[in-house]
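[1] Sequence plus predicted model, see below.
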Amino acid sequence: MSSRPTLDRATAVLRDIFGYPAFRGLQADIVEAVAEGADALVLMPTGGGKSLCYQIPALLRPGVGIVISPLIALMQDQVAALRQAGVRAAFLNSTLAADEARTIERALVAGELDLVYFAPERLALPRTLDLLERSRPALFAIDEAHCVSQWGHDFRPEYLQLSVLHERFPEVPRIALTATADPQTRTEIIERLALDGARVYVSSFDRPNIRYTIVDKTDPRTQLLRFIRDEHAGESGIVYCLSRRKVEETAAWLADQGIDALPYHAGMDAATRAEHQTRFQRDDGIVMVATIAFGMGIDKPDVRFVAHLDLPKSIEGYYQETGRAGRDGLPADAWMTYGLADLVQQRRLIDTSEADDAFKRVATAKLDALLGLCETASCRRVRLLSYFGEPSQPCGNCDTCLDPPETWDATEAARKALSAIYRTGQRFGAVHLIDVLRGKPGERMARWGHDQLGVFGVGADLTEAVWRGVFRQLAALDLIRVDHEAHGALKLAEASRPVLKGEQRVELRRVRETAGTRRSRRVAPSSLPPADMALMDRLRAWRLDLARTQSVPPYVIFHDKTLAEIARVRPRDLGALGDIGGVGAKKLERYGDDLLALLASA
């Protein structure tokens with residue numbers, strides 16, 4: 001007889017309902033602990049299987065699992081997927097008509113549901129708490145728990161109210177989950193959600209299937225288009241921009257270039273946003289151009305790339321957004337363009353914000369950590385993981401590993417740049433300063449008398465692109481700063497003195513002035529021989545027809561990974577089909593005969 005009966009029951013649920021033979025990583029320990037009534041804080045990367053860590057305990061414990069989720073899209077996707085697997089799931093949010101909501105509330109109180117998803121602002125209402133008092137909560141799952149952190153990248157004030165769950169239901173276990181939390185944020189989650197006695201589970205933050213690439217910004221739209229065409233033609237992806245205007249303009253430009261691109265931002269009307277989101281989730285090959293208003297909770301597993309045309313605010317934000325790529329475990333790209341203007345813009349947003357000095361210090365430290373990731377000449381993954389306190393080795397799957405950048409002794413160039421800032425009165429931006437250094441004549445140069453300065457033309461041996469890299473890296477190193485009240489003029493920082501005096505060496509990353517050798521598109525681990533690929537295409541077409549009939553995203557029926565395995569194995573009976581990962585009992589009952597008929601005709 002097993003010494004872990006709860007785990008045995010959990011494994012049976014995993015196999016029979018979700019169609020997977022075994023738990024991964026820390027899942028088994030988490031599921032067992034929560035099912036037996038323990039509180040837990042779970043840090044697990046996107047695509048690591050966080051949802052099973054609360055879905056299975058909810059099915060094992062008496063009562064109904066209550067899930068707090070910040071976005072409607074996540075609720076809809078997960079409820080649709082659970083219903084496909086035969087789980088009695090529902091959500092209560094603003095998309096429901098009053099009679100629909102009342103029907104679900106009655107089912108909740110009557111014990112006719114296994115899992116119910118709530119928005120955090122709804123859960124804290126006295127009426128909702130009274131509703132839960134009349135039902136039987138099996139557990140509370142707080143997803144995206146980093147939203148409780150006021151220092152974090154995605155703070156939601158309504159999350160601060162969730163400590164009421166412990167006060168009103170002290171015997172009900174709680175599990176808080178997130179993919180992004182540095183040590184400071186973890187501490188804050190525990191404090192604000194009253195999880196002092198919770199067991200803490202920290203999985204590796206590594207997403208080895210994601211290739212990280214950060215390129216020097218020259219012509220960002222053209223660089224983006226080349227990246228999509230060369231590496232991800234016809235595939236789904238997300239492009240993040242900082243402003244709504246840039247979202248609109250970039251999406252329109254990509255569409256003009258033949259890319260199936262759609263905009264998404266909070267300023268659009270709700271109906272258009274919903275339509276675009278639905279198309280992204282249900283159609284193949286859509287590129288969504290968006291502000292960070294889009295993405296959290298999107299469960300689409302086959303997003304093959306996430307691109308940033310603007311610098312995020314922090315490593316947490318960058319990791320959260322790039323983590324939406326490759327949730328299925330297949331190769332994916334995180335690609336970003338980065339230049340001096342990005343650094344200036346983010347520092348201006350911090351300096352001109354109405355936040356207090358303590359918040360500005362934290363925000364500046366977080367930005368500096370991200371700048372370190374952008375400017376590193378070593379493995380980006382090592383730098384990224386070390387931010388979350390995880391040691392690692394060079395990955396061999398980021399741009400700096402695959403094509404190591406050169407560094408150079410830039411001490412003399414740095415002194416020239418700093419001198420140009422000083423000699424021109426610390427009143428000009430990088431564009432004018434580069435013209436001074438390269439000796440570029442003109443009316444503006446003559447008007448200011450800068451063509452008579454000793455620094456005029458002393459940097460003619462370096463190209464404009466190299467000088468842009470020098471100024472950007474000097475700013476990232478805090479040797480120069482930007483005066484936002486003087487329209488972005490560069491000024492000397494106190495730390496520049498030893499460099500100007502020749503007392504400190506400066507080593508910089510050499511800027512690549514060309515795009516480099518085009519990388520060949522990678523072959524995914526699940527790539528199939530031509531005959532099996534033809535069958536895979538038929539399976540995807542069959543799945544798409546079903547999805548449209550049922551008004552659900554195709555991936556909630558079967559993931560691509562499951563279809564690829566079916567195409568490879570070509571099972572001949574229900575027993576063999578049921579052994580494929582992702583084919584649970586309910587799906588086998590619902591789709592098994594049709595799949596076998598399709599396979600027999602192939």
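    Looks like it arrived, so ask away.

[2] lowest confidence element among the helices and strands of the protein?
    Ranking every helix and strand in the chain by mean pLDDT, DSSP states H and E puts strand 480-483 at the bottom, with a mean of 82.

[3] Can you name the next helix or strand after that one?
    Downstream of strand 480-483, the next assigned helix or strand under DSSP states H and E is strand 489-492.

[4] partners of the least confident helix or strand of the chain in the sheet?
    Sheet pairing of strand 480-483 (DSSP bridges) gives strand 489-492 (antiparallel).

[5] quick one: the partner strand to chain centroid distance?
    Relative to the chain's own centre, strand 489-492 is displaced by 34 Å; criterion: Cα atoms, centre = their mean, to the nearest Å.

[6] Pull out the buried positions in that strand.
    For strand 489-492, the buried set under the neighbour-count rule, 16 or more other Cβ atoms under 10 Å, comprises Ala489, Leu490, Leu492. Glycine gets a C-beta too; all of them are placed from N, C-alpha and C.

[7] what number of residues lie near Leu595?
    23 (other Cβ atoms under 10 Å).

[8] Just the pLDDT for it.
    For Leu595, the model assigns a pLDDT of 93.

[9] check contacts around it.
    By Cβ atoms under 8 Å, 6 or more residues apart in numbering, the contact set of Leu595 is Leu539, Trp542, Ile566, Leu577.

[10] Out of the buried residues of strand 489-492, which comes closest to Asp283?
    Using Cβ to Cβ, Leu490 comes nearest to Asp283 of the buried residues of strand 489-492, at 46.0 Å.

[11] and that closest one, bridged to which residues?
    Under the criterion used (DSSP bridges), Leu490 bridges to Val482.

[12] mind checking how far it is from Lys313?
    22 Å (Cβ to Cβ, to the nearest Å).

[13] likewise Leu367?
    The separation that Leu367 has from Lys313, given Cβ to Cβ, amounts to 7 Å.

[14] wait, what's in contact with Arg88?
    So, once contact is read as Cβ under 8 Å, 6+ apart, Arg88 ends up touching Glu112, Leu113, Asp114, Leu115.

[15] Could you tell me the per-residue confidence at the third one?
    pLDDT for Asp114: 96.

[16] and what of Ser378?
    On pLDDT, Ser378 comes in at 88.

[17] Also Thr46?
    If you check Thr46, the pLDDT there is 79.

[18] same deal with the one 10 residues further on?
    At Ile56 the predicted local confidence, pLDDT, stands at 96.

[19] neighbour-wise, which of the contacts of Arg88 leads?
    Within the contacts of Arg88, Leu115 tops the neighbour count with 24 neighbours, counted by other Cβ under 10 Å.

[20] tell me the SS of Met302?
    Not Met; residue 302 is Asp. Secondary structure for Asp302, judged by DSSP: H, G, I helix; E, B strand; the rest coil, is coil.

[21] CA-only coordinates of the host helix or strand of Thr185 in CSV, if you can.
    Using DSSP H and E, Thr185 sits within helix 183-192. Provided in CSV are the C-alpha atoms of helix 183-192 (Å, rounded to 0.1, in the frame of the first residue of the first chain):
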residue,chain,number,x,y,z
PRO,A,183,13.1,38.1,-3.2
GLN,A,184,11.7,41.4,-2.1
THR,A,185,8.4,40.8,-3.9
ARG,A,186,8.1,37.3,-2.4
THR,A,187,8.4,38.8,1.1
GLU,A,188,5.8,41.3,0.3
ILE,A,189,3.4,38.6,-1.1
ILE,A,190,3.7,36.7,2.2
GLU,A,191,3.2,39.8,4.3
ARG,A,192,0.2,41.3,2.4
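
[22] List the buried residues in it.
    Neighbour-count burial for helix 183-192 flags Thr185, Arg186, Glu188, Ile189, Ile190, Arg192 (criterion: 16+ other Cβ under 10 Å).

[23] element containing the residue lying closest to Cys395 once chain neighbours are set aside, please.
    Spatial nearest neighbour of Cys395, excluding adjacent residues (Cβ to Cβ, 6 or more residues apart in numbering): Arg381 at 4.1 Å. Following DSSP H and E, the helix or strand that holds Arg381 is helix 380-387.

[24] Below-threshold pLDDT in the stretch 451-600 of the chain: ranges please.
    Within the stretch 451-600 of the chain, the ranges that satisfy pLDDT under 70 run 484-487, 512-527.

[25] Contact partners for the residue nearest in space to the middle of the chain?
    By Cα atoms, centre = their mean, the chain has its centre lying nearest to Glu321, at 2.1 Å. Glu321 sits next to Ile238, Tyr240, Ile292, Gly295, Val306, His308, Pro312 when contact means Cβ under 8 Å, 6+ apart.

[26] Now pLDDT and secondary structure too, for these, in a markdown table please.
    Conversion of the contacts of Glu321 to a markdown table gives the following (pLDDT from 0 to 100; DSSP: H, G, I helix; E, B strand; the rest coil):
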| residue | pLDDT | secondary structure |
| --- | --- | --- |
| Ile238 | 95 | strand |
| Tyr240 | 95 | strand |
| Ile292 | 80 | coil |
| Gly295 | 60 | coil |
| Val306 | 96 | strand |
| His308 | 97 | strand |
| Pro312 | 92 | coil |
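
[27] Go through those and name the one nearest His265.
    Closest to His265 out of those is Ile292 (9.3 Å), distances taken as Cβ to Cβ.

[28] count of neighbours near that closest one?
    When neighbours are counted by other Cβ under 10 Å, Ile292 comes out with 18.
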